[in-house]
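A.B. asks: okay, sequence plus prediction incoming.
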Amino acid sequence: MAALEWHLLFLAQLLLMLVVVEVFYTQVSLVVQAVVGQVLLVVMVMERQEQQIRVVVGVERIKMEQIRVAAPAAPA
């Protein structure tokens with residue numbers, strides 16, 4: 001009878017360890033997902049800012065070209 005109780009106790013402890021490992025794995029997984037999500041968000045924001053900068057640079061180039069074309073030609 002004592003051997004059976006010992007085996008049941010051992011199995012219960014093993015099951016508890018598996019539950020702890022699963023909870024730890026879940027927590028690590030959630031942290032990794034959060035970090036990856038933040039990194040992707042930062043990359044998206046940086047790409048959007050780069051796109052906005054390119055638009056501004058393009059608009060400024062167009063303005064400079066319009067000014068150059070509209071300016072009277074300097075005598076040679």
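C.D. replies: Arrived safely.
A.B. asks: what stretches of this structure score poorly on pLDDT?
C.D. replies: 73-76 (pLDDT under 70).
A.B. asks: could you pull out the strands in it for me?
C.D. replies: Using DSSP state E, no strands are found in the chain.
A.B. asks: mind listing the helices for it?
C.D. replies: Secondary structure of the chain, counting by DSSP state H: helices at 2-70.
A.B. asks: what about L18, distance to V35?
C.D. replies: Distance, L18 to V35, using Cβ to Cβ, to the nearest Å: 26 Å. All C-beta atoms are positioned from the backbone trio N, CA, C, and that covers glycine.
A.B. asks: hmm, I was thinking of F10
C.D. replies: Distance of F10 to V35, computed by Cβ to Cβ: 37 Å.
A.B. asks: count of residues packed around K63?
C.D. replies: Other residues near K63 come to 10 when the count uses other Cβ atoms under 10 Å.
A.B. asks: how about I67?
C.D. replies: Counted with other Cβ under 10 Å, the neighbours of I67 add up to 9.
A.B. asks: quick one: residues contacting it.
C.D. replies: Counting by Cβ atoms under 8 Å, 6 or more residues apart in numbering, I67 makes contact with nothing.
A.B. asks: distance check, it against Y25.
C.D. replies: Counting by Cβ to Cβ, the gap from I67 to Y25 is 63 Å.
A.B. asks: now W6
C.D. replies: W6 is 29 Å from Y25, by Cβ to Cβ.
A.B. asks: now V39
C.D. replies: V39 is 21 Å from Y25, by Cβ to Cβ.
A.B. asks: what do you get for A71?
C.D. replies: Counting by Cβ to Cβ, the gap from A71 to Y25 is 69 Å.
A.B. asks: try L8
C.D. replies: Distance from L8 to Y25, counting by Cβ to Cβ: 26 Å.
A.B. asks: over to L40?
C.D. replies: Plainly put, L40 is 22 Å away from Y25 if you go by Cβ to Cβ.
A.B. asks: R48 now?
C.D. replies: 35 Å.
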